[in-house]
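>>> Provided below are the primary sequence and the corresponding predicted coordinates.
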Amino acid sequence: MRTPLAFLLASCLLVACGGGQSTGASDHKPDHKNPGTDSDKPPVAAEKPFTVKSANGDRQDPYYWLRDDKRKNPEMLAYLAAENAYTSKKLAPTKAVQETLYKEIVGRIKQDDASVPTFDNGYWYYSRHEVGAQYPIHARRKQTKTAAEEVIFDVSKMAKDHNFYRLGNYAVSEDNKLVAYAEDTVGRNQYTLRVKELATGKPLADTIVAVTAGLVWHNSGKSFFYVGKEPKTLRSYRVYQHVLGTQQKDDKLVYEEKDKSYYTSIGKSKSRKKIFIYLSSTTTSETWMLDANATTIKPTVLLPRERDHEYRADHLDGRFVIRTNWQAKNFRLMEVAEASHADRSKWRDIVAHDPNSFVHGMAVYSNFVGVGVRTKGLRQILVIPKQGKRFFIDAKESAYTMYLSNTPDPKADSVRYSYSSLTTPMTQYERNIKTGKRTLLKRQPVLGNFDQNNYVTKQVMADARDGAKVAISVVHHKDTKVDGTAPAYLIAYGSYGSTVDPVFRSKIVSLLDRGFVYAILHIRGSQKFGRNWYEDGKLLNKKNTFNDFVDATKHLIAAKYASPKKVFAMGGSAGGLLMGAIVNQAPELYRGVISHVPFVDVVTTMLDESIPLTTNEFDEWGNPKVKKYYDYMLSYSPYDRVEAKAYPTLLVTTGLWDSQVQYWEPAKWVAKLRKLKTDKNPLLLHVNMKAGHGGKSGRYRRYRETARDYAFLLHTLKQADSRAR
């Protein structure tokens, strides 16, 4: 439904064929009985009576019939097919420009690229791409970077017989002889686990179906652990131990989480001695542990859960290092001896709580601890050596992003991190904690005529209606005039505390070079300015998220970064909810809006605990069984707030197999919009019939979609300019 995984920046789709201010009847009268007869006419879904029951008030939903959990209803499938045909027809005139843009975007990518190798248990692991391949090759070299290559997976070969393919995860046994891996061939995040021999490539008979991608080996190499899902809700809730050579039905249940608001995942400590079972709701977490060497498997709790306490631990050298918000809203880093882990009086600060600095994460090593922090909105890295003074990694730019890499070798003496800005491609470094020497490992290549000196970036601040200051990261070509004539492309997310950091994205260059201003709006609901910034954009404060976006848009127009007639917006998943809310609140501000896999039917979905991701998210949106939350959610739910008025051009996308935002939410929203909207602006729905929340798989296929929609954006602007003349 709504997870940050789902914020689909990779898709950057944009479409528009007119402004949000025109009025009048719809331009076509579609065939209600047979929506697929004429792709020149926009389809209209049939209306069928249905009552959504609630103790806080019943609601009528004439498009509820579009929901089919099995995805087999012929009438529903025919309607979606008609929507796709209509969208294809409307996009047809842009084919030549699409091809130009696609070649341009892909032309910036180094096709035979490779990742920076990472050392783990005697091997250097990396991935690489071959020219033209949609998927990577995963490989390793023993002890040295110049040893013979051992191919673990050629994912392109594994994917060749599938319309969709994702290698979700893999784990090598401690003796380096076997690899277990998770693959998804539908896009619904239900994985199948398999095992093969590394030396021969021979597959073992072991097969585990309908589970998460998480897996961890027991140190004996004779068994591994994985997480099972509830069949209907897809909630991850059970941890099993699978012994090689046995069947899934015989696997041992190690742990079951019975609270439906919690999700379960697993991992292994840096020491390789502990297997962690992570349990998390939106505001509370708990960790259980297994001895990775023991023959008798019995989980023990690290610290019992308590409401609103979130923590995550690692283990090394006889101690736990713990990121926790115990008496620390912005989190802090603490450590405790292994024997005293349950006694919080024995925990001591490594990084104390700071109301002006948010602790993101950690990387624990024998000789130092790396800490990811956010101060004044900027992601930075603090290094705490075992010997010597702590220090921050320095940066030359005033606006940037640093990501800490948690590499697996506990004896490493260098901190690895990535650095980027809106004008600086992602660059990986290592900094030796003893000598201070910084080593450039890789700068993401950008081919073609790209020169970062041709682009200008800065952070501007906008006033929200309640007095809050909203940061906006802006980038444009140096030749683009800030005089109120430029088109602008605005993106945001604004939920779960997920922050869209200002990092370089090579595909955006195609817009910047054509005079666009690109802006990331750091609205409430993210953690751009710490935990309070998140809490001011959730539950009964959720409308701040939408208001911030609208107010920041107005600021960009007033500051002449954007033409008032050429503003476009994009968001996905929970960001798609944002898009639905802003077009209801201020449709006149936007020429076009893109809403990817949007969570738009908030109340109906949150009332139905059989839908994946519902119960886990009551602390994010509220429980509509409680009247104050029901009323508040209903007051902004995009599907419920559609009115008879003019809307901007809309492109809405979804995936038939989406497990996070079910396809029927955007389908119903489009159907209702098409009935009620009074403008003549195009309303397009594209349904990927063979994928889920993340869209198409493959390295280059998604750029076909990006090129398609950039082309239609340019076509829209051309039409708008011709009308203005």
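Right, received. Where do you want to start?
>>> ok, and the closest non-adjacent residue to Glu665?
Asp601 (4.5 Å; CB to CB, 6 or more residues apart in numbering). All C-beta spots, glycine's among them, are computed from the backbone N, C-alpha and C.
>>> For the one you found, report the pLDDT, please.
Per-residue confidence (pLDDT) for Asp601: 97.
>>> With Val44 instead?
pLDDT recorded at Val44 is 93.
>>> And the strands in the stretch 251-400 of the chain?
252-256, 263-268, 274-280, 285-291, 300-303, 311-316, 319-324, 332-337, 348-351, 357-364, 368-375, 378-385, 391-392 (DSSP state E, counting those that start in this stretch).
>>> The last one: what's the following helix or strand?
This points to strand 391-392. Next along the chain after strand 391-392, taking DSSP states H and E as the criterion, comes strand 401-404.
>>> What is the longest helix of this protein by residue count?
Among all segments of the chain classified by DSSP state H, the helix with the greatest residue count is helix 701-724.
>>> counting contacts, what elements does that one pack onto?
Applying 3 or more CB pairs under 8 Å, 6 or more residues apart in numbering; DSSP states H and E, we find helix 701-724 packed against helix 95-106, helix 509-512, strand 592-596.
>>> Quick one, which of the ones you listed gets closest to Trp533.
Shortest distance between Trp533 and the helices and strands packed on helix 701-724, using CB to CB, is found for strand 592-596: 23.6 Å.
>>> mean confidence for the closest one?
Average pLDDT, strand 592-596: 92.
>>> I'd like to know which elements that strand is packed against.
Identification of packing neighbours for strand 592-596 by 3+ CB pairs under 8 Å, 6+ apart yields strand 567-572, helix 574-585, strand 649-655, helix 701-724.
>>> Note down every partner strand of it and its orientation.
Taking DSSP bridges as the criterion, strand 592-596 pairs within the sheet with strand 567-572 (parallel), strand 649-655 (parallel).
>>> orientation of the lowest-mean-pLDDT helix or strand in the chain relative to helix 95-106 in degrees?
Ranked by mean pLDDT, DSSP states H and E, the helix or strand of the chain with the weakest confidence is helix 701-724, at a mean of 78. Orientation check (axes from the mean of the first three to the mean of the last three CA atoms, to 10 degrees): helix 701-724 against helix 95-106 gives 130 degrees.
>>> Now do the buried residues in helix 701-724.
Buried positions in helix 701-724, judged by neighbour count with 16 or more other CB atoms under 10 Å: 702-717, 720.
>>> same thing with stretch 71-81?
Residues of stretch 71-81 classed as buried: 76, 79-81 (neighbour count, 16+ other CB under 10 Å).
>>> which pair in the residues you listed spans the largest distance?
Largest separation among these by CB to CB: Met76 and Ala81, giving 9.7 Å.
>>> Backbone torsions only: list them for Val172.
Torsion angles at Val172 (phi, psi; degrees, to the nearest 10) stand at phi -100, psi 140.
>>> Helices along the stretch 51-200 of the chain, start to end?
Here the stretch 51-200 of the chain has its helices, by DSSP state H, counting those that start in this stretch, at 74-91, 95-106, 155-159.
>>> what's the last one packed up against?
What it means is helix 155-159. Helix 155-159 packs on strand 137-142, going by 3+ CB pairs under 8 Å, 6+ apart.
>>> Give the partner strands of the strand it packs on in its sheet and their orientations.
Partners of strand 137-142 in its sheet, by DSSP bridges: strand 123-128 (antiparallel), strand 149-154 (antiparallel).
>>> residues contacting Thr407?
Applying CB atoms under 8 Å, 6 or more residues apart in numbering to Thr407 gives the contacts 118-120, 363, 416.
>>> make it 10 Å
Listed by CB atoms under 10 Å, 6 or more residues apart in numbering, the contact set of Thr407 reads 116, 118-120, 270, 363, 365, 370, 414-416, 430.
>>> Can you select the buried ones from these in ChimeraX?
Here is the ChimeraX command that selects the buried residues among the contacts of Thr407 (16+ other CB under 10 Å):
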select :116,118,270,363,365,370,414,415,416,430
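>>> Which members of the contacts of Thr407 are the farthest-apart pair?
Farthest pair in the contacts of Thr407, by CB to CB: Val116 and Lys270, 19.4 Å.
>>> hmm, back to that, dump the strands of the stretch 251-400 of the chain to TSV, plus mean pLDDT and distance to Val475.
Shown next, in TSV, are these (pLDDT from 0 to 100; distance: least, CB to CB, whole Å):
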stretch	mean pLDDT	distance to Val475
strand 252-256	98	46
strand 263-268	97	35
strand 274-280	98	34
strand 285-291	98	36
strand 300-303	97	43
strand 311-316	98	33
strand 319-324	98	32
strand 332-337	98	33
strand 348-351	98	32
strand 357-364	97	23
strand 368-375	97	20
strand 378-385	96	16
strand 391-392	96	25
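>>> To Asn449, which of those strands lies closest?
Of all the strands of the stretch 251-400 of the chain, strand 378-385 comes closest under CB to CB, at 29.8 Å.
>>> now for the closest one, which elements pack on it?
Here strand 378-385 touches strand 348-351, strand 357-364, strand 368-375, strand 391-392, strand 401-404, strand 414-420, going by 3 or more CB pairs under 10 Å, 6 or more residues apart in numbering; DSSP states H and E.
>>> roughly how far is that strand from the heart of the chain?
24 Å (CA atoms, centre = their mean, to the nearest Å).
>>> what separates the residue nearest to Glu665 from Val642, distance-wise?
According to CB to CB, to the nearest Å, Asp601 and Val642 sit 11 Å apart.
>>> what do those two both touch?
When CB under 10 Å, 6+ apart defines a contact, the residues bordering Asp601 and Val642 alike are 580, 669, 672.
>>> Counting neighbours, what do you get for the closest residue to Ala574 other than its chain neighbours?
Leaving aside its chain neighbours, Ala574 sits nearest to Ser495 (3.7 Å; criterion: CB to CB, 6+ apart). For Ser495, the neighbour count with other CB atoms under 10 Å is 30.
>>> Who does Phe320 form a beta bridge with?
Applying DSSP bridges, one finds that Phe320 bridges with His315, Val336.
>>> Including mean pLDDT, could the helices of the stretch 51-200 of the chain go into a markdown table?
Putting the helices of the stretch 51-200 of the chain into a markdown table (pLDDT from 0 to 100) gives the following:
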| stretch | mean pLDDT |
| --- | --- |
| helix 74-91 | 95 |
| helix 95-106 | 94 |
| helix 155-159 | 96 |
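>>> With respect to Lys481, which of those helices lies nearest?
Taking the helices of the stretch 51-200 of the chain one by one with CB to CB, helix 95-106 is closest: 23.2 Å.
>>> Can I get the closest one in CSV, CA atoms only?
The C-alpha trace of helix 95-106 is given here as CSV (Å, rounded to 0.1, in the frame of the first residue of the first chain):
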residue,chain,number,x,y,z
LYS,A,95,6.4,7.6,-30.6
ALA,A,96,9.3,9.3,-32.5
VAL,A,97,10.1,11.6,-29.6
GLN,A,98,9.9,8.6,-27.2
GLU,A,99,12.5,6.8,-29.2
THR,A,100,14.8,9.9,-29.2
LEU,A,101,14.5,10.3,-25.4
TYR,A,102,14.9,6.6,-24.7
LYS,A,103,18.2,6.6,-26.7
GLU,A,104,19.3,9.7,-24.9
ILE,A,105,18.5,8.4,-21.4
VAL,A,106,20.1,5.0,-22.0
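>>> Any chance you could list what contacts that helix?
12, 91, 94, 447-448, 506-511, 513-514, 699-700, 702-715, 718.
>>> in that helix, what counts as buried?
97-98, 101-102, 104-106.
>>> repeat for stretch 294-309
Quick answer for stretch 294-309 (16+ other CB under 10 Å): 297, 302-303, 305, 309.
>>> State the distance from Pro385 to Asn623.
46 Å.
>>> Who has more neighbours out of these two?
Remark: of Pro385 and Asn623, Asn623 carries more neighbours, 19 against 16, as counted by other CB under 10 Å.
>>> so how far is Lys668 from the more buried one?
Taken as CB to CB, the span from Asn623 to Lys668 is 22 Å.
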